[in-house]
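>>> Predicted model and sequence below, questions to follow.
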Protein chains: 2
Amino acid sequence: MDAFSQDFRRDLAYLMAWRRDVRRFRTDPVDEAVLMRCLDTFRLAPSVGLSEPWRVIRVQSPQTRATALDNYRAANANALAGYEGDQAARYSQLKLSGMEQAPEHIAVFCDDATTKGHGLGAGTMPEMRRYSVVGAIALMWLTARAEGLGVGWVSILDPDRLTRDLDVPDTWSLVAYLCIGWPEANSETPELETKGWEDRRGSVPIEIR
Amino acid sequence: MDAFSQDFRRDLAYLMAWRRDVRRFRTDPVDEAVLMRCLDTFRLAPSVGLSEPWRVIRVQSPQTRATALDNYRAANANALAGYEGDQAARYSQLKLSGMEQAPEHIAVFCDDATTKGHGLGAGTMPEMRRYSVVGAIALMWLTARAEGLGVGWVSILDPDRLTRDLDVPDTWSLVAYLCIGWPEANSETPELETKGWEDRRGSVPIEIR
């Protein structure tokens, strides 16, 4: 196969257009087989030097989930305190996490100290390991959306506190805290745009050298 | 549309399986419209706070391309010097960049100082801006592969030197140096695996908390 069909490419572009960060979830569970199909996408992801540095934690116990929610609430209150006037009012009305509703919480870490790959490609840019994890998450996200699932990436968190609370090795760094579940609704327009927080650019900034 | 068809999902999984880092390119040019369709994918990518921090540089002048190639060669010689014995021999036989053949060189930066998005979501994890750029690259990569194009991510580079050589603002940090062109051949198996550098895991490491 040299290239994919025009129909496939059209649907792929549509999937990408549609793949928005989801923060409004239904609370009904995700079928285990569907979730595993999504997480299995990590296996397909390229990684620097084949280091496969991703480490996936399913956050399931009510206690640990409550700790993560506390973490988010504290970080979000701090963030709100950094805005003033109209902007603070707008910020306070945004729904920035679906942690209370989403049936699945997945924390994705990077093992910065992995010896897998023997350091290839990460000598001058050690951040490539974390970037490999991000790329794998992007693939998983598309797979989940193609199944109709929603994924929301929560970054308003103290990553050091979360790392401690989840009791993972010191060499792991938090890359993403993901909420996964069935979306309440689907949209091609990011909520930050509909709520007037920020607009999207009409084009990609490209310069020549 | 609630979910995509089973056929689409099968092809998407195949695209991801097939989407390997390409380092062996043909030298014939990439049609401008095809390249622009690929780069345009950045517009569809989600980004923290809608900050859209990606900045794309097409490296076209022979002089700038030669500078980047020098940069790679110096970094690669240093990396080789860090291995010994059999491993050094294996490393020296790997083709780790297609910079000499690939018709298109694209450097992707993150503007860490952008005010777009008003800092939303990047307070406790400012690295989210760079992660947003990586996610956008992953989408562009899939789009390019669906067109039959190859993309190779070169990370064996001194990023500070490259940033200076490309004369970009101080607030931009290099995320990726990408080679784009038509692949000499297609494979589902990473070259690092066929050459015996490292194996892929059979499963994704998942733990429960």
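Structure's in. What do you need?
>>> Now A:Arg130: closest residue in space that isn't a chain neighbour?
A:Cys110 (4.6 Å; C-beta to C-beta, 6 or more residues apart in numbering or on different chains). To be clear about C-beta, it is placed using only N, CA and C from the backbone, and glycine gets the same treatment.
>>> correct me, but the one you found touches A:Glu127?
No: using C-beta atoms under 8 Å, A:Cys110 is not in contact with A:Glu127, being 9.4 Å away.
>>> just to revisit the earlier point, helix, strand, or coil at the residue nearest to A:Arg130?
A:Cys110 falls in the strand class when you classify it by DSSP: H, G, I helix; E, B strand; the rest coil.
>>> Pull the number of nearby residues for it.
24 (other C-beta atoms under 10 Å in any protein chain shown).
>>> check contacts around it.
Shown in contact with A:Cys110 (C-beta atoms under 8 Å, 6 or more residues apart in numbering or on different chains): A:Pro53, A:Trp54, A:Arg55, A:Arg129, A:Arg130, A:Ser132, A:Val133, A:Trp172, A:Ser173, A:Val175.
>>> same thing but 10 Å
Listed by C-beta atoms under 10 Å, 6 or more residues apart in numbering or on different chains, the contact partners of A:Cys110 are A:51, A:53-55, A:127, A:129-134, A:136, A:171-176.
>>> How about A:Glu32?
Contacts of A:Glu32 by C-beta under 10 Å, 6+ apart are A:Glu104.
>>> Return the distance of it relative to A:Arg58.
Going from A:Glu32 to A:Arg58 by C-beta to C-beta, to the nearest Å gives 11 Å.
>>> which residues are in contact with both of those two?
Contact criterion C-beta under 10 Å, 6+ apart; residues shared by A:Glu32 and A:Arg58: A:Glu104.
>>> nearest residue to the residue positioned nearest the centre of chain A other than its sequence neighbours?
By C-alpha atoms, centre = their mean, the mean C-alpha position of chain A lies nearest to A:Trp153, the distance being 3.5 Å. Distances taken as C-beta to C-beta, 6+ apart put A:Ala176 closest to A:Trp153, at 5.4 Å, once the chain neighbours are dropped.
>>> now A:Ala144
Counting by C-beta to C-beta, 6+ apart, the residue nearest A:Ala144 is A:Cys38, at 4.5 Å.
>>> continuing past the longest strand seen in chain A, what's the next helix or strand?
What stands out as the longest strand in chain A, according to DSSP state E, is strand A:172-181. Beyond strand A:172-181 on the C-terminal side, the first helix or strand identified by DSSP states H and E is helix A:191-194.
>>> Using PDB, write down the CA coordinates of that following helix.
The C-alpha atoms that make up helix A:191-194 are tabulated as PDB, following Å, rounded to 0.1, in the frame of the first residue of the first chain:
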ATOM      1  CA  GLU A 191     -15.100  25.100  24.500                       C
ATOM      2  CA  LEU A 192     -12.500  27.800  25.200                       C
ATOM      3  CA  GLU A 193     -13.500  29.300  21.900                       C
ATOM      4  CA  THR A 194     -17.300  29.100  22.400                       C
END
